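Undergrad: I'll drop the sequence and a predicted model, then ask my questions.
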Amino acid sequence: MAHYGEVLEVQQLTPRMVRVVLGGPGLVDFAPTPFSDQYVNALFVPEGAPYEIPFDVDHARSLEPEHRPVGRRYTIRWWDEKTRTLALDFVVHGDIGFAGRWANHAQPGDLLQFVGPSGAYAPSPDVETHLMVGDESALPAVAASLERLTERQQAYVVVIVDDATNHVELSSPGTLNVTWVHRCDGAADDRDQLLRAVEGLELPEGSIGVFVHGEANEVRSVRRHLLGDRGIPKEGTSISPYWRRDYTDEQWRKVKREWVAATEADV
Ligand SMILES: Cc1cc2nc3c(=O)[nH]c(=O)nc-3n(C[C@H](O)[C@H](O)[C@H](O)COP(=O)(O)OP(=O)(O)OC[C@H]3O[C@@H](n4cnc5c(N)ncnc54)[C@H](O)[C@@H]3O)c2cc1C
């Protein structure tokens, strides 16, 4: 289902994260999913394309390749039923990428069309402990998931960001143990910082729910550790790569299936 939102507000949450609040008539039929990782496929209109938002998605996708809308997936940080508004938190990673660049320049009045929402995960109410791991791109899903915990539950959260100016506020009715990992404290080519932080965690005994999302290599090594070294059962885990360093989303989607198969063969 296609919808479009008008940018009502743009908030610079951290140096690398921009929140865009969407509302308006294009969200009149929007219906959320029950999942805390629910996301939309935002459709960016390439320069020179012969259509404007709102557009007919099937028609736009039938045009010559350079004019087709470019899809990028973004988690819904929150949906407010009363005001019929929603928030997307975009990582801005330089003035590059259809999505990152759009968010970097977003202004009230801009329009964003999207397909969705879809989703697959919500923290189980049946386990005492949840482990949530990722980078900035996973923060919206982690933050939304933490808000769903009960007072009887606890969460261990490990998130990698550049530095302390990129922390966001996380809150939960449950007990929170948050570890921030700072890339800037490590060597530029050190890709194992997130893994080492997870390896160093002392987790309580008992059943555990696991959510790991973010950069493909980091997700893969953390997965191998959790399912392999720690022997956490695969069932009840939600682990998948959102993006891959040095690959645009188009390049990444071309090889993602193979990558996921190789990752599943790890453990
Ligand atoms: C289900 C799902 C939910 C997601 N939710 C969010 C979300 O809520 N917020 C969010 O910011 N992202 C989210 N992502 C990730 C986002 O879709 C990708 O990061 C996407 O590639 C960004 O598109 P782009 O057009 O900005 O850059 P692209 O054109 O895809 O890439 C351009 C360059 O930027 C690099 N790059 C891409 N993403 C990042 C990044 N996060 N950090 C550093 N470099 C990067 C690429 O490797 C490439 O070199 C989600 C992905 C999925 C699959």
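TA: Received the coordinates, thanks.
Undergrad: quick one: the helices in the protein, in order.
TA: Here the chain has its helices, by DSSP state H, at 57-61, 98-105, 139-146, 193-199, 216-223, 249-266.
Undergrad: not counting its own residues, what contacts the second one?
TA: Pointing back at helix 98-105 there. With contact meaning Cβ atoms under 8 Å, 6 or more residues apart in numbering, helix 98-105 is reached by 18, 20, 42, 44, 46, 70, 72, 74, 90-95, 112. C-beta here means a position set from N, CA and C on the backbone, and glycine is covered the same way.
Undergrad: the third one now?
TA: The contact list for helix 139-146, computed with Cβ under 8 Å, 6+ apart, reads 17, 36-37, 39, 74-78, 88-89, 121-123, 130, 132, 134, 155, 157, 159, 168, 170-172, 174, 176, 211, 213.
Undergrad: could you measure from the closest residue to Asp89 other than its chain neighbours over to Val18?
TA: Distances taken as Cβ to Cβ, 6 or more residues apart in numbering place Pro140 nearest to Asp89, at 4.5 Å, with adjacent residues excluded. Applying Cβ to Cβ, to the nearest Å, the value for Pro140 to Val18 is 12 Å.
Undergrad: more crowded one of the two?
TA: When Pro140 and Val18 are compared on other Cβ atoms under 10 Å, the one with more neighbours turns out to be Pro140, at 26 against 21.
Undergrad: measure that one to the ligand for me?
TA: Summarising the geometry, the distance separating Pro140 from the ligand, computed by Cβ to the nearest ligand atom, to the nearest Å, is 4 Å.
Undergrad: any idea which of the helices of the chain is most buried?
TA: Each of these was scored by mean neighbour count; the highest is helix 139-146, a mean of 25, by mean count of other Cβ atoms under 10 Å.
Undergrad: tell me which parts of the stretch 151-267 of the chain are close to the ligand?
TA: 242-249 (Cβ under 6 Å from any ligand atom).
Undergrad: nearest to His3, of these?
TA: The shortest approach to His3 among those belongs to Asp249, at 20.4 Å (Cβ to Cβ).
Undergrad: can you pull the contacts of that closest one?
TA: Contacts were defined as Cβ under 8 Å, 6+ apart; by that measure Asp249 touches 71-72, 97, 243.
Undergrad: tell me the pLDDT of the residue in the chain that the ligand sits nearest to.
TA: Per Cβ to the nearest ligand atom, Gly97 is where the chain lies closest to the ligand, at 2.3 Å. Predicted confidence (pLDDT) at Gly97: the value is 93.
Undergrad: start at 131, not 1
TA: Got it, the first residue is 131 from now on, which makes the last one we talked about Gly227.
Undergrad: report pLDDT for the nearest residue to it once chain neighbours are set aside.
TA: The shortest distance from Gly227 to any non-neighbouring residue, by Cβ to Cβ, 6+ apart, is to Thr378 (6.9 Å). Per-residue confidence at Thr378 stands at 97 (pLDDT).
Undergrad: next: Trp209.
TA: The per-residue pLDDT reported for Trp209 equals 98.
Undergrad: please, where are all the strands along this structure?
TA: Remark: strands assigned in the chain by DSSP state E are 132-144, 147-153, 169-174, 200-210, 215-221, 241-248, 259-265, 284-291, 305-312, 338-345, 367-373.
Undergrad: now, the most widely separated pair of the contacts of Asp379?
TA: Using Cβ to Cβ, the two most remote members of those are Gly201 and Trp373, lying 13.2 Å apart.
Undergrad: could you list the low-pLDDT ranges of this structure?
TA: Applying pLDDT under 70 to the chain picks out no residues at all.
Undergrad: again, only this time at 90
TA: Within the chain, the stretches with pLDDT under 90 are 131, 223-225, 314-321, 366.
Undergrad: can you give me the domain assignment for it?
TA: Taking automatic domain parsing as the domain assignment, the record places the domains of the chain at 132-248, 259-385.
Undergrad: leaving out chain neighbours, which residue sits closest to Glu182?
TA: Counting by Cβ to Cβ, 6+ apart, Glu182 lies nearest to Val175, which is 7.2 Å off, once chain neighbours are set aside.
Undergrad: I meant to write Phe165 there.
TA: Gly249 (2.8 Å).
Undergrad: surely the one you found meets Ala161?
TA: No - look at Gly249 against Ala161 with Cβ atoms under 8 Å: they stay out of range, at 12.0 Å.
Undergrad: fine by me, we can end here.
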